[in-house]
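A.B. asks: when you get a sec, could you give me coordinates for this:
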Amino acid sequence: MLPWAGVLSFLLLLILLRVRVWVPSSSGARLVCKPSALAAYLESQCQALKGLCEASWPWRALPSLQTLASLMGPLDSRVHFVRTYLQLSDEGLVALDWAVGPAQQERRQTSSTCSTRVLLLVPNSFGKVTRNISKLCHVALLHGYRPVVFNRRGQNGCPLSTTTLQPYGDPADLREAIQYICSRCPGALLFAVGESTGAGLLFSYLGECGSSCHLTAAGCISPIFHPQGWFEAGCPWLWQQLLLMSQKVWLSRFATVLGEVLPLDRFFGGQSLRELEEVLFCQAQTWDLYWERNDPLRDVDEVAVPVLCICSQDDPMCGAPRDTVPFELFETNPYFFLVLTQGGGHCGFFKDSLCGAFWSHEVLLQFFHTTVDFLLTEDKLRGQAKKRGARPVLKVTQGRSGCRQESCCPHNSPDIYRWQRSYTR
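C.D. replies: Sure, this is the predicted structure:
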């Protein structure tokens with residue numbers, strides 16, 4: 001009940017602060033993309049794109065309320081997790097939480113047997129598994145996926161075994177985790193969804209690994225495309241205070257060990273998210289150099305799988321899409337698709353009520369299904385029968401910079417992967 005008490009308190013605070021809200025004047029969602037055969041197929045087959053906001057609900061006029069319910073509401077009690085700790089090449093630890101339903105929870109299955117579809121979820125970078133993520137796990141289970149949540153070093157109960165934290169856009173840990181998932185579930189189709197700031201990590205991974213990323217398709221819910229500008233401008237005061245409190249409480253667990261290598265007095269005294277990020281990652285480099293290495297879109301031309309991004313025009317954390325969404329990317333790159341909605345806040349794309357399902361989850365799963373169906377149909381038309389169990393690959397012949405060769409991706413360095421270093425709790 002406490003999270004919902006917080007929701008009500010937040011609503012009252014909005015009223016007291018006289019926050020002006022915007023009521024959508026029309027319903028539906030707009031698909032922004034470069035014209036292609038896949039785009040036309042998605043528009044004709046993905047029915048969820050046409051089913052948003054058919055009714056006018058009062059809470060849709062409060063994007064901050066939708067955001068709060070999505071990020072801080074109660075988790076789905078029908079979903080349980082079986083945790084696997086993975087020791088990385090530098091002795092660090094990340095945690096993989098495999099979602100299971102109640103019946104599977106009783107058996108506590110931890111074998112290597114996997115379904116033919118695995119859904120990797122990358123939560124926000126602030127270390128909290130949200131209601132949005134847990135609800136997506138539940139829906140994915142119902143659709144036959146095997147959901148697994150990626151937890152960064154030291155986050156969501158994962159131990160911090162070294163003094164190294166994961167920078168915003170460094171996909172090295174995620175890369176090793178995906179390689180492990182592929183070894184545990186050979187032959188399975190792998191999909192990925194990034195939430196909020198977690199989408200930045202997914203973008204970085206897709207760009208760095210290109211055609212050897214092992215993913216069939218990916219999705220992002222309310223991604224932050226330009227995090228450097230977002231950190232510098234700062235999100236609205238109330239949201240920034242909540243995030244600052246969350247970050248300081250999280251790092252206080254490791255204050256003793258990290259205090260030996262970081263000026264934590266500056267961290268705990270920081271008044272902005274930028275200050276906290278600089279303390280953690282900019283001790284030996286400048287702020288601009290940090291983002292040159294961690295900008296999520298730095299290698300975006302190398303992305304070689306379809307990516308669907310869902311954004312709203314009333315996002316209270318990111319601001320207006322005209323200032324924050326790179327429309328040119330979606331209009332010129334055949335791999336990127338943008339669904340732009342009138343309402344939904346930040347990750348709060350509810351379908352009927354704040355206690356119900358998420359429309360965004362339905363869209364993403366239909367996108368994955370439709371993409372696979374399109375790829376298989378294209379293969380049949382071309383007469384290119386693939387080996388049984390092989391992952392379909394989207395072929396795009398339009399002019400783009402060449403994708404990185406598979407041999408260049410660190411995925412293909414087997415010496416750094418020793419899978420006996422993982423264990424299951």
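
A.B. asks: hey, what's residue 29 bridged with?
C.D. replies: residue 341 (DSSP bridges).

A.B. asks: wait, it touches residue 47, no?
C.D. replies: No. Counting by Cβ atoms under 8 Å, residue 29 stays clear of residue 47, with 11.9 Å between them. Using the backbone N, CA and C atoms, a C-beta is placed for each residue, glycine as well.

A.B. asks: surely residue 63 meets residue 347?
C.D. replies: No. If you go by Cβ under 8 Å, residue 63 and residue 347 don't touch, sitting 10.7 Å apart.

A.B. asks: what helix or strand is the residue nearest the centre of the chain on?
C.D. replies: By Cα atoms, centre = their mean, the chain has its centre lying nearest to residue 194, at 0.9 Å. Using DSSP states H and E, the element containing residue 194 is strand 189-195.

A.B. asks: strand partners (parallel or antiparallel) of that strand?
C.D. replies: strand 117-122 (parallel), strand 217-221 (parallel).

A.B. asks: so what touches that strand?
C.D. replies: Outside strand 189-195, the residues that touch it by Cβ atoms under 8 Å, 6 or more residues apart in numbering are 116-124, 130, 132-133, 136, 145, 178, 181-182, 200-203, 214-223, 347, 364, 368, 372, 391.

A.B. asks: what do you get if the cut-off is 7 Å, keeping everything else the same?
C.D. replies: Identification of contacts with strand 189-195 by Cβ atoms under 7 Å, 6 or more residues apart in numbering yields 116-124, 130, 132-133, 136, 181-182, 201-202, 214-221, 223, 347, 364, 368, 372, 391.

A.B. asks: just the buried ones from these?
C.D. replies: Buried members of the contacts of strand 189-195, counted by 16 or more other Cβ atoms under 10 Å: 117-124, 130, 132-133, 136, 181-182, 201-202, 214-221, 223, 347, 364, 368, 372, 391.

A.B. asks: residue 291 reaches residue 228, doesn't it?
C.D. replies: Yes. Using Cβ atoms under 7 Å, residue 291 is in contact with residue 228, at 4.2 Å.

A.B. asks: the two: which has the busier surroundings?
C.D. replies: residue 291 (24 against 20; other Cβ atoms under 10 Å).

A.B. asks: you'd agree that one is in a strand?
C.D. replies: No. Counting by DSSP: H, G, I helix; E, B strand; the rest coil, residue 291 is not found in a strand; it is helix.

A.B. asks: give me the number of neighbouring residues for residue 231.
C.D. replies: Quick note: residue 231 (other Cβ under 10 Å) scores 20 neighbours.

A.B. asks: host element of it?
C.D. replies: helix 227-233.

A.B. asks: and that helix, what other elements does it pack with?
C.D. replies: Secondary-structure packing of helix 227-233 (3 or more Cβ pairs under 7 Å, 6 or more residues apart in numbering; DSSP states H and E): helix 273-281.

A.B. asks: now the helix it packs on, how far from the centre of its chain.
C.D. replies: Taking the mean of its C-alpha atoms, helix 273-281 sits 21 Å from the chain's own mean (Cα atoms, centre = their mean, to the nearest Å).

A.B. asks: show me the longest helix that occurs in the chain.
C.D. replies: helix 359-382 (DSSP state H).

A.B. asks: what does that one contact?
C.D. replies: For helix 359-382, contacts defined as Cβ under 7 Å, 6+ apart pick out 38, 41-42, 45-49, 52, 135-136, 139-140, 143, 189, 191, 193, 216-217, 219, 221, 306, 308, 310, 339, 349-351, 385-386, 392, 394.

A.B. asks: coming back round to it: residue 29 and residue 47: who's more crowded?
C.D. replies: It is residue 29, of residue 29 and residue 47, that has more neighbours when counted by other Cβ under 10 Å, with 23 against 11.

A.B. asks: per-residue pLDDT of the more buried one, please?
C.D. replies: Per-residue confidence (pLDDT) for residue 29: 83.

A.B. asks: so it is in contact with residue 49, correct?
C.D. replies: Yes. Using Cβ under 7 Å, residue 29 is in contact with residue 49, at 5.8 Å.

A.B. asks: which neighbours do those two share?
C.D. replies: What both residue 29 and residue 49 touch, as defined by Cβ under 7 Å, 6+ apart, is the set residue 339.

A.B. asks: am I right that residue 256 sits in a strand?
C.D. replies: No. Counting by three-state DSSP, residue 256 is located in no strand; its state is helix.

A.B. asks: before we move on, the earlier item: the strand holding residue 194 to helix 359-382, inter-axis angle?
C.D. replies: Here strand 189-195 runs at an angle of 150 degrees relative to helix 359-382 (axes from the mean of the first three to the mean of the last three Cα atoms, to 10 degrees).

A.B. asks: can you give me the mean pLDDT across strand 189-195?
C.D. replies: Computed over strand 189-195, the average pLDDT equals 97.
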